[in-house]
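Asker: Kindly generate the corresponding structure for this input.
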Amino acid sequence: MNDTTLTEHPHEHGYITDKDSYRRRLSRIEGQARGIARMVDEEQYCIDILTQISALTSALKSVAVNLVDDHLKHCVTDAVLLGGDEGAAKIKEASDAIARLVKS
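Answerer: Okay, the predicted model is just below:
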């Protein structure tokens, strides 16, 4: 990828090529969250609710890991190729995001 290509699409994010897949996954996650709320409304067994919360948490983490991967492959790589302070800033931004994910 050359500098001309990078500047033609300065706001294109790495996930853009897989946006529909992300939207489908997030819609399923949204449905899972509504299902958990319904389980609470119906006063279902605590362990069953906790099991669904665990599944929801895993699904969210999976989306997050894929977004980090896309970010590293596209946004960070592009910034590093451009050089200067932008590359270092993108690496720090990615490291901070990963640290937040690890804490959660």
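
Asker: element containing the most centrally placed residue in the chain?
Answerer: Centroid-nearest residue in the chain, with C-alpha atoms, centre = their mean: Ala64, separated by 2.9 Å. Ala64 is located in helix 46-71, with elements delineated by DSSP states H and E.

Asker: Only the buried residues of that helix, if you could.
Answerer: Judged by neighbour count using 16 or more other C-beta atoms under 10 Å, the buried positions of helix 46-71 are 49, 52, 56, 59-60, 63, 66-68, 70-71. C-betas here are computed from N, CA, C, even on glycine.

Asker: about what we covered before: could you find the closest non-adjacent residue to the residue nearest to the centre of the chain?
Answerer: Once flanking residues are discounted, Ala64 sits nearest to Leu101: 5.5 Å by C-beta to C-beta, 6 or more residues apart in numbering.

Asker: Relative to Ala94, how far out is the one you found?
Answerer: In this view, Leu101 and Ala94 are 11 Å apart by C-beta to C-beta, to the nearest Å.

Asker: I'd like to know how many residues surround Asn79.
Answerer: That one is not Asn; residue 79 is Ala. Summarising burial for Ala79: neighbours were counted as other C-beta atoms under 10 Å, giving 20.

Asker: tell me the contacts of Lys61?
Answerer: Applying C-beta atoms under 8 Å, 6 or more residues apart in numbering, we find Lys61 in contact with 101, 104.

Asker: so what pLDDT did it get?
Answerer: What the model reports as pLDDT for Lys61 is 93.
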